[in-house]
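Enquirer: turn this into a model:
(one chain, ligands or ions: 1)
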Amino acid sequence: MAEYNVKSLKADEFINHEEILETLRYADEHKNDRVLIEQIIESARPRKTARGVECPGLSHRDASVLLACDDPELTEKMFTLAREIKEAFYGDRIVMFAPLYLSNYCVNKCVYCPYHMQNKSIPRKKLTQDEVRDEVIALQDMGHKRLAIEAGEDPVNNPIEYILECIKTIYSIKHKNGAIRRVNVNIAATTVENYQKLHDAGIGTYILFQETYHKESYEKLHPAGPKHNYAYHTEAMDRAMEGGIDDVGLGVLFGLELYRYEFAGLLMHAEHLEAVHGVGPHTISVPRIKRADDIDPTVFDNGIDDETFAKIIACIRIAVPYTGMIISTRESEACRNKVLGLGISQISGGSRTSVGGYAGYSAEERPHDTEQFDVSDQRSLDEVVHWLMDLGYIPSFCTACYREGRTGDRFMSLCKTGQIQNCCHPNALMTLKEYLEDYASPETKAIGEKLITEQLKLIPNEKARAKATEYIENIHLGKRDFRF
Ligand code: SAM
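Expert: The predicted model follows:
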């Protein structure tokens, strides 16, 4: 039997089944232990140090105790702490992005995904470079600066060369004042050599959802194709880091397995990356299974309600305070509203989950034929930006950190002392200003201008405040792409 070893490079040792079961037993034993739970909450609070604000996070065991506890008063304390941590490291900023589906050809048989190879009812489509161009122009015309590219796994139709060519095309397009400044990549697990190529192509984060950390379920849910190999999939982030990518994004697809098992596995994965590579995951995504072409989400037994979902998000926020958290348009406006304050730092807006879903369609029209899943939040980007500002958030189109080389441990060490805020807050305001000038509706522009004026006053450093004010005036005069 494999033994738990956080530093091992073998999947069944760093995501150790026995350790997860032991963690769940420990959590069950202690879930009513008020004293211990209060101690855990106390231990996770942000604290002022000589270097700034620091936050210790929690081990997968302690975090699992919090998640298991269902006392309403203690849960409220967890939510309050999650909000405090979010405020300390991410402030009111919410980074915006959109997915871009390149191809739905796939040789896997993932039972929850409509792109599975046996699905004959879904048309197969792969964007040509001209179509990539059209999609990118449509996305730039909405105001997006950051994309996550998505593709099925198919070595013949979607080889790495195709993905690299698409990335090159995306970065090359400068339409009006538009530009895609960061391309994150969500493609199947691959080799160190291919990760090197992605790194050299200038990608932002490499994102790969684990789907489930439960090996036996994983193998049943991925009955054939390269994705069937649990170890190869689970060890992908180590290969990505070996290939030079130091921002990686984790995630599980909630609904496939017991959420408490997934939660422990996810945190063990984060601990493993930190222990081996000195840097934890850049982001964690929290997708839930959705209805799609031939997929009925109700056949999976482990669906979670909105309350549990919110608690998972709060507990992740407390356990890994510096990791960005992403929520997509799989979730409704109401659900997104609820979890934004609890730790989410990035959301998508105006998303299409079909191949070729942007170009040639109005904000109200959406093609369904090649969709990967139903989108719950169907608002346009402008509506989402407006809504965020109404709720008191600052929508940010910032991509500065990675373009300034603040990735991996350099990003983490800045973030860990709260220093990241000296750049992020003005950068958010400047990129929001670009959005307002170039893409916003008159109503969105009006509340955005007001928000920027108020927020500029809150930049504590006098020099930074003056510089940001000057840059914002320059943006009004037509200049673009300033950053700290
Ligand atoms: N093919 C790539 C891979 O194997 O990782 C990733 C791209 S896939 C387009 C992106 C993610 O969508 C998957 O990792 C999965 O978690 C999620 N997904 C698949 N089917 C879904 C569904 N029915 N509802 C919600 N999310 C789904």
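
Enquirer: flag every residue of the stretch 201-350 of the chain that's near the ligand.
Expert: The interface of the stretch 201-350 of the chain toward the ligand, taken as C-beta under 6 Å from any ligand atom, is made up of 208-209, 211, 227, 253, 287, 289-290, 292, 295, 330. From N, CA and C alone the C-beta is placed, and that goes for glycine too.

Enquirer: need the residues you listed in CSV with pLDDT and distance to Gly341, can you?
Expert: Formatted as CSV, these follow (pLDDT from 0 to 100; distance: C-beta to C-beta, whole Å):
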residue, pLDDT, distance to Gly341
Leu208, 98, 27
Phe209, 98, 24
Glu211, 98, 27
Lys227, 98, 35
Leu253, 98, 24
Pro287, 98, 20
Ile289, 96, 24
Lys290, 95, 23
Ala292, 94, 29
Ile295, 95, 31
Arg330, 94, 19
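
Enquirer: backbone phi and psi for the single nearest residue of the stretch 1-150 of the chain relative to the ligand, please?
Expert: As assessed by C-beta to the nearest ligand atom, the ligand sits closest to Cys113 within the stretch 1-150 of the chain, at 3.5 Å. The phi/psi pair for Cys113 (degrees, to the nearest 10) reads phi -110, psi 130.

Enquirer: surely it touches Ile295?
Expert: Yes: A contact is recorded between Cys113 and Ile295 when judged using C-beta atoms under 8 Å, the distance being 7.0 Å.

Enquirer: settle it for me: which of those two has more neighbours?
Expert: Comparing Cys113 with Ile295 by other C-beta atoms under 10 Å, the one with more neighbours is Cys113, at 24 against 21.

Enquirer: list the contacts for the more buried one?
Expert: Contacts here follow C-beta atoms under 8 Å, 6 or more residues apart in numbering; on that basis Cys113 touches 106, 292, 295, 372.

Enquirer: filter the residues you listed down to just the ones in strands.
Expert: Within the contacts of Cys113, no residue falls in strands by DSSP state E.

Enquirer: the residues you listed into a markdown table, with extra columns for distance to Arg124?
Expert: Converted to a markdown table, the contacts of Cys113 look like this (distance: C-beta to C-beta, whole Å):
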| residue | distance to Arg124 |
| --- | --- |
| Cys106 | 9 |
| Ala292 | 15 |
| Ile295 | 17 |
| Gln372 | 13 |
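
Enquirer: among those, name the buried ones.
Expert: Buried members of the contacts of Cys113, scored by 16 or more other C-beta atoms under 10 Å, are 106, 292, 295, 372.

Enquirer: wait, the second one sits on Glu371?
Expert: Put plainly, it is Ala292. Yes: in terms of C-beta under 8 Å, Ala292 counts as a neighbour of Glu371; the distance is 6.5 Å.

Enquirer: mind listing what's buried in stretch 30-45?
Expert: Taking 16+ other C-beta under 10 Å as the basis for neighbour counts, the residues of stretch 30-45 that come out buried are 30-31, 37, 40-41, 44.

Enquirer: so which elements touch the lowest-mean-pLDDT helix or strand in the chain?
Expert: Counting by mean pLDDT, DSSP states H and E, the weakest-scoring helix or strand in the chain turns out to be helix 408-416, with a mean of 79. Helix 408-416 makes packing contacts with helix 420-438 when contacts are defined by 3 or more C-beta pairs under 8 Å, 6 or more residues apart in numbering; DSSP states H and E.
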